[in-house]
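Participant: Give me a model of this one.
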Amino acid sequence: MIRKALLFYLFSFSVLFARSQVNIITINGVINPVAQDFIRSAIEEAEGDSANCLVIKMDTPGGLMKSMHIIVKDIMASEVVCLSLTLPMWQQWRLGQTSGLPVR
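Facilitator: Model (predicted):
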C-alpha cells in the first residue's frame, strides 16, 4: 500500500515538473491564522504565476480547527492544483497517513 502511494506521488510530481511551473511552500509549526494567511497568499501567487501546481510541504503537530477549515476552503476554491505532503515522511508512514490536507 505504501509503495503504491509513493509511486503515485512520484509519478504525479514527475508529470507536473515536466510540463510547467510548480510552486512549493513549507509550513513548519502549528496551523494558526498566520499559517492560514501564508497558504492563502501562496495560492494567490500560484494563480498569478499561472502555475499548474502548488505543493504544500507540512511539518506540523496540528493547530486551530477554524484555520484548517479556511485553508481547506481556499484550496477547494483555487484554480491551481494543490498537493499536500506531510513531513517527516517516516512519521507519516508509521501512522498510515498519506496527506495532511485534502487536495484538489
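
Participant: what stretches of this protein score poorly on pLDDT?
Facilitator: 1-19, 87-104 (pLDDT under 70).

Participant: list the buried ones in the helix or strand hosting Lys57?
Facilitator: In this assignment (DSSP states H and E), Lys57 forms part of strand 53-59. Across strand 53-59, burial judged by 16 or more other CB atoms under 10 Å covers 53-56, 58. Where you see a C-beta, it was placed from the backbone N, CA and C, and this is true even at glycine.

Participant: Stretch 71-85 now?
Facilitator: For stretch 71-85, a neighbour-count test (16+ other CB under 10 Å) marks 71, 74-75, 78, 80-85 as buried.

Participant: Could you point out which of the buried residues of strand 53-59 is nearest to Asn23?
Facilitator: The shortest gap between Asn23 and any of the buried residues of strand 53-59 belongs to Leu54, at 4.9 Å (CB to CB).

Participant: The closest one and Glu44 touch, don't they?
Facilitator: No - between Leu54 and Glu44 there is no contact under CB atoms under 8 Å: 10.2 Å.

Participant: Once you drop chain neighbours, what's closest to Asn28?
Facilitator: Asp59 (5.0 Å; CB to CB, 6 or more residues apart in numbering).

Participant: What of Ser78?
Facilitator: Ile43 is the one closest to Ser78 (CB to CB, 6+ apart), at 4.8 Å.

Participant: And the strands in the chain?
Facilitator: Per DSSP state E, the chain carries strands over the ranges 22-28, 53-59, 81-86.

Participant: where along this structure do the helices fall?
Facilitator: Using DSSP state H, the helices found in the chain span residues 2-19, 33-48, 65-77, 89-95.

Participant: The second one relative to strand 22-28, how many degrees between them?
Facilitator: By that I understand helix 33-48. Relative orientation of helix 33-48 versus strand 22-28 (axes from the mean of the first three to the mean of the last three CA atoms, to 10 degrees): 180 degrees.
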